[in-house]
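Engineer: sequence plus the predicted model coming up.
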Amino acid sequence: MTTENRAVALLSGGPDSVVAAALARESGYRIYGLYINYGQRTGKRDFRQAERTAQWLGVEELRVAYCPFLGKVGGSPLTDLSLRLGDDNRSSEYVPFRNTVFCSLAVAWAEILGAQKVVIGSIGGPWITPDNKPSYFAALNALIQEGSRSEIQAWAPLGAMSKAEVVSVGTRLGVPFGLTWSCQNDEEEPCGECNNCRDRAVGFAGNNLADPLLARTPR
C-alpha cells in the first residue's frame, strides 16, 4: 500500500464531477479518473467530455468501465430511448442502484491503488433519488468498511451545495466549464429544456455568469 494521497474520481463529463475532482486535487490527492459507460443515451459525448476534463485535471490515469446491463434493463429515460425526458418528474430519471454500482467499481480500483477516497459529484438537496442523500453515503461508507480490506471513504464534497454554489467553487478553481456537458439529450447542442440544462442555467445565472458552453465564436 502507498502512503501517497490518492483518490479515484468518477468522471461523467458533467460539471459536478469535475468540480468534485478538482476539490480533491486541491486537498492534495492525486486523481485517478473512472468513466462508466452504462448504456446512457449520451454515452459517446459524455466520454469525450470526461476525457477532456481528465486532461485538465492532470489525472494519473483514466480508465473506462463498461456496465451495459443497467442500460439493457431500462427503467429510466436516461437509458431507455422510448421514455420521454424533460418533464418535471425528476424521480423518473432515477437509474436503479446506479451510484452503488458506480462506487463499487471505483472502490475496487481504489483498493488496488491504495487510494483513500472515491470521489463522486453528487450535489445538495432536495435529493430526488435515494442514492444521493447524506444518509446514503453514511451507509455506503459503513458497507465499504465492512466489505473491503481498506479504509476507503466514498466522498461527495458537493453534497451540501446548490448548483450555483458548485459553479462558484468551480470558477474559483478554474474549472473549464466549456469542456463539460450536462444535457440529457444526445444532440449537437444543449437542448436547454431538460432538467439538467435547466439546473445548469440556474447555476450560472446565480453567479451572474454566462455559460461558456453556450458561447459561440463568430464565423
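Structural biologist: Nice, I can see it.
Engineer: where in this structure is the helix or strand with the lowest mean pLDDT?
Structural biologist: When the helices and strands of the chain are compared on mean pLDDT, DSSP states H and E, helix 68-73 comes out lowest with a mean of 92.
Engineer: got the buried residues for that helix?
Structural biologist: 70-71 (16 or more other Cβ atoms under 10 Å). Just so you know, the C-beta spots here come from the backbone N, C-alpha and C atoms, and that holds for glycine as well.
Engineer: by contact count, what packs against the helix or strand just after that helix?
Structural biologist: Using DSSP states H and E, the helix or strand that follows helix 68-73 in sequence is helix 98-113. If you count contacts as 3 or more Cβ pairs under 8 Å, 6 or more residues apart in numbering; DSSP states H and E, helix 98-113 packs onto strand 6-10, strand 30-37, strand 117-119, helix 134-147, strand 153-155.
Engineer: out of the ones you listed, flag the one nearest residue 125.
Structural biologist: helix 134-147 (8.7 Å; Cβ to Cβ).
Engineer: residue 195: how many residues sit nearby?
Structural biologist: Residue 195 has 18 neighbours, counted by other Cβ atoms under 10 Å.
Engineer: I'd assumed residue 93 was in contact with it.
Structural biologist: Yes. Contact criterion Cβ atoms under 8 Å: residue 195 and residue 93 qualify, at 7.0 Å.
Engineer: which residues are common contacts for the two?
Structural biologist: 85, 184 (Cβ atoms under 8 Å, 6 or more residues apart in numbering).
Engineer: ok, back up a step: deepest-packed of the helices and strands packed on helix 98-113, please.
Structural biologist: Of these, the one with the most neighbours on average (mean count of other Cβ atoms under 10 Å) is strand 117-119, at a mean of 28.
Engineer: what distance separates that strand from the centre of its chain?
Structural biologist: 12 Å (Cα atoms, centre = their mean, to the nearest Å).
Engineer: packing partners for that strand?
Structural biologist: So strand 117-119, by 3+ Cβ pairs under 8 Å, 6+ apart, packs with strand 6-10, helix 15-26, helix 98-113, strand 153-155.
Engineer: just checking: what are the partner strands of it?
Structural biologist: Here strand 117-119 is paired, per DSSP bridges, with strand 6-10 (parallel), strand 153-155 (parallel).
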